[in-house]
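Student: A structural model of the following input is requested.
(one chain, ligands or ions: 2)
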Amino acid sequence: MPLKTRVLGDSFACEVVGLHLWETQDDRIIKELRALWVLHPVLVFRRQALSENELADFSARFGPLERTVRSDWASPARPEVTLISNLKDAQGRPIGGLGDGEIQWHSDQSYMMQPATGAMLCAVELPPEGGTTSWVDLGAAYDGLSARLQRVVEDRYAIFSYAKRLAGYQGVDRVISADAQRKTPSVLHLLVHTHPVHGKKSLYLDSTTTIGVDGMDQDSGKALLEELYEAATRPQFVYRHDWQIGDAVLWDNGLTMHRREPFDPEARRLMKRTTMLLPRDRHIVPDGRLAAAYPSDQPRSTIRASVNAMRQQPQAASPALAPVRSPLTAKPARR
Ligand SMILES: O=C(O)CCC(=O)C(=O)O
Ligand SMILES: [Fe+2]
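Tutor: Ligands and ions are numbered 1, 2, ... in the order given. Predicted structure coming up:
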């Protein structure tokens, strides 16, 4: 039986109805989901109450899970799962990342040379209002550019800086380990990519991370990026998701950006996310280069080698259940 689906509003997002993602899905279902995902870069599954292992195991059907450089946001029980939350543990330490503030339009992992572009986010606890997440379709945004802008961005590389992204974070989220610093030199990614399945072009952007355009002076590069962000985030390209507990959203960061609205710091919000390395024959996966000036004094070959080594890490087996800092006892973070 084919998947039961429902396009959401008039948008590019699509709901998949009736699957129990906590159960192991047949290969046939995964194949259908992969085909659907190519057409709809945001897929919504409602009424899922997934354990971390179930979330990770389902996500891994689309590509190897990445352990991101934010090991400080990783779940202690299943480190491939990232905790996105304003909750704090009994010692007052954040249990995850990204607090309660606004998060501007971005694409996860864009600061990596070869970003893991698949992502799945599950709502476990939600504030009574705020904290809504929106996605923008960068394929439609490319089509909507003027012919002049399409010519200007063709074969152009933007400069993606994790340092810029960090500067936009709140509190301790700005602090990363020396190892994370070493793994995140500034990188260049093409602004336009062609989808390997249907051949349509799409923008690749991240307003929290891009600092300029390769080969352009600073002012002209910034002006071009601003023009692109303005054109790409027009309301007709946006899907805004009103979260319900149990929602799971699977999206492709190679074709979209997303943003989150802020919420009351006193309210509780807990989301769990996985990050997947997607196959290049089915998805746009930027293949970056080091930017000429990068915040590291290491030779480029060392950085390239460590990035490659990281990508080749075998997928970790599920560790035995470690003690979890329970979200039930965790308190909302205060700024
Ligand atoms: O908190 C959210 O809704 C989204 C956070 C985010 O940008 C992410 O998980 O990648
Ligand atoms: Fe994100």
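Student: and the chain, which residues reach ligand 1?
Tutor: Within the chain, the positions lying close to ligand 1 (C-beta under 6 Å from any ligand atom) are Ile84, Leu98, Ile103, Asp108, Leu121, Thr133, His258, Arg260, Met271, Arg273. Placement of C-beta: from N, CA and C, glycine included.
Student: show me these that map onto helices.
Tutor: Per DSSP state H, helices hold no members of the residues of the chain next to ligand 1.
Student: and of those residues, the nearest to Val238?
Tutor: His258 (9.7 Å; C-beta to C-beta).
Student: quick one: contacts for that closest one?
Tutor: Taking C-beta atoms under 8 Å, 6 or more residues apart in numbering, we find His258 in contact with Trp105, His106, Ser107, Asp108, Thr133, Ser134, Trp135, Val136, Trp251.
Student: ditto for Gly254
Tutor: Pro41, Ser107, Pro115, Thr117, His193, Ser202, Tyr204, Leu278, His283, Ile284, Val285, Pro286.
Student: is it true that the fifth one lies in a helix?
Tutor: In other words, His193. No - with DSSP: H, G, I helix; E, B strand; the rest coil as the criterion, His193 is located in strand rather than a helix.
Student: for the contacts of Gly254, give me CSV that also has pLDDT, secondary structure and neighbour count.
Tutor: CSV is the format used below for those (pLDDT from 0 to 100; DSSP: H, G, I helix; E, B strand; the rest coil; neighbours: other C-beta atoms under 10 Å):
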residue, pLDDT, secondary structure, neighbour count
Pro41, 98, coil, 27
Ser107, 98, coil, 30
Pro115, 98, coil, 26
Thr117, 98, coil, 29
His193, 98, strand, 22
Ser202, 98, strand, 23
Tyr204, 98, coil, 28
Leu278, 98, coil, 22
His283, 98, coil, 25
Ile284, 98, coil, 25
Val285, 98, coil, 22
Pro286, 98, coil, 24
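Student: need the three-state assignment for Met139.
Tutor: Careful, residue 139 is Gly and not Met. Strictly by three-state DSSP, Gly139 counts as helix.
Student: average pLDDT for the longest helix belonging to the chain?
Tutor: Longest helix in the chain, counting residues (DSSP H): helix 218-232. Taken as a whole, helix 218-232 has a mean pLDDT of 98.
Student: what does stretch 40-47 contact?
Tutor: 7-8, 11-17, 19, 21, 33, 36-37, 135, 137, 139, 239, 241, 244, 246-252, 254-256.
Student: one step back: closest one of the contacts of Gly254 to Pro64?
Tutor: Nearest to Pro64 among the contacts of Gly254, with distances taken as C-beta to C-beta, is Leu278, at 9.3 Å.
Student: the helices in the stretch 151-300 of the chain, which residues?
Tutor: 162-167, 178-182, 218-232, 300-312 (DSSP state H, counting those that start in this stretch).
Student: what are the buried residues along the longest one?
Tutor: What that stands for is helix 218-232. For helix 218-232, the neighbour count (16 or more other C-beta atoms under 10 Å) marks Gly221, Leu224, Leu225, Leu228, Tyr229, Ala231, Ala232 as buried.
Student: these two touch, right, the last one and Tyr204?
Tutor: Going back to what we said before, that points to Ala232. No - using C-beta atoms under 8 Å, Ala232 is not in contact with Tyr204, being 10.4 Å away.
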